[in-house]
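A.B. asks: Next input, structure requested:
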Amino acid sequence: MHPLLWALLFTAMFSLTIYSIAFAQGSTPTDDEVNQIAKKLYCPVCENIPLDACPTEACRQWRDQIREMLSQGKTEAEIIDYFAATYGERAASDPRDKVKAYLVPIVAILLGAAGLVSALRKWRKPQAVRPAASASEAQPPAQMDDYVARIEEELRNRD
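C.D. replies: Residues are numbered from 1 along each chain as shown. Sure, this is the predicted structure:
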């Protein structure tokens with residue numbers, strides 16, 4: 001009877017060990033739980049297709065990875081942050097750095113508008129050139145006087 005008691009004790013211990021391992025793993029996340037997170041991520045292969053609607057193999061692998069991370073006890077925010085850090089901000093539907101994502105375009109638009117206003121002010125109608133006050137103020141250089149004098153003398157000699 002002694003070996004029978006040991007066999008029963010061993011069987012009971014083995015059963016409890018298996019039960020505790022299965023209990024520690026918890027329940028497998030449902031497709032709805034996976035898709036709730038997957039709809040907040042975008043496909044790495046296709047343009048602008050949410051992960052939950054994309055039929056590619058890469059998306060299936062990502063959904064499996066989400067399922068595994070959920071079963072490990074990770075939160076939705078941790079999973080999305082992981083994918084954004086691993087595959088780039090393009091993977092997440094909501095930008096991680098909201099200040100940079102929303103403030104930079106606004107600042108760029110304001111700077112562009114200020115540059116446009118500045119350029120339009122410079123393109124005003126050109127001002128008319130003011131005439132010289134008198135003929136005595138606008139004297140030609142001495143070389144021009146010699147040149148003009150020679151031309152006039154040559155014209156007189158031709159006649």
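A.B. asks: before we move on, what SS does Glu47 have?
C.D. replies: Using DSSP: H, G, I helix; E, B strand; the rest coil, the structure places Glu47 in coil.
A.B. asks: Number of residues surrounding it?
C.D. replies: If you count neighbours by other C-beta atoms under 10 Å, Glu47 ends up with 7. Quick note: C-beta positions are derived from backbone N, CA and C, even for glycine.
A.B. asks: Ok, the one 4 residues further on next?
C.D. replies: For Leu51, the count of nearby residues is 26 (other C-beta under 10 Å).
A.B. asks: my guess is it meets Ala38, correct?
C.D. replies: Yes - using C-beta atoms under 8 Å, Leu51 makes contact with Ala38 at a distance of 4.1 Å.
A.B. asks: which neighbours do these two share?
C.D. replies: Listed as contacting both Leu51 and Ala38 by C-beta atoms under 8 Å, 6 or more residues apart in numbering are Cys59, Trp62, Arg63.
A.B. asks: nearest to Ala77, of those residues?
C.D. replies: Trp62 (16.8 Å; C-beta to C-beta).
A.B. asks: ok, now which ones touch the closest one?
C.D. replies: Ala38, Leu41, Pro44, Leu51, Phe83.
A.B. asks: Can you lay out those as JSON lines showing distance to Ala149 and pLDDT?
C.D. replies: Converted to JSON lines, those look like this (distance: C-beta to C-beta, whole Å; pLDDT from 0 to 100):
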{"residue": "Ala38", "distance to Ala149": "95", "pLDDT": "85"}
{"residue": "Leu41", "distance to Ala149": "90", "pLDDT": "86"}
{"residue": "Pro44", "distance to Ala149": "86", "pLDDT": "73"}
{"residue": "Leu51", "distance to Ala149": "91", "pLDDT": "81"}
{"residue": "Phe83", "distance to Ala149": "89", "pLDDT": "84"}
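A.B. asks: Sketch out the low-pLDDT regions of this protein for me.
C.D. replies: Along the chain, segments meeting pLDDT under 70 span 1, 9, 14, 16-27, 95-98, 125-143, 159.
A.B. asks: Thank you kindly, that will do.
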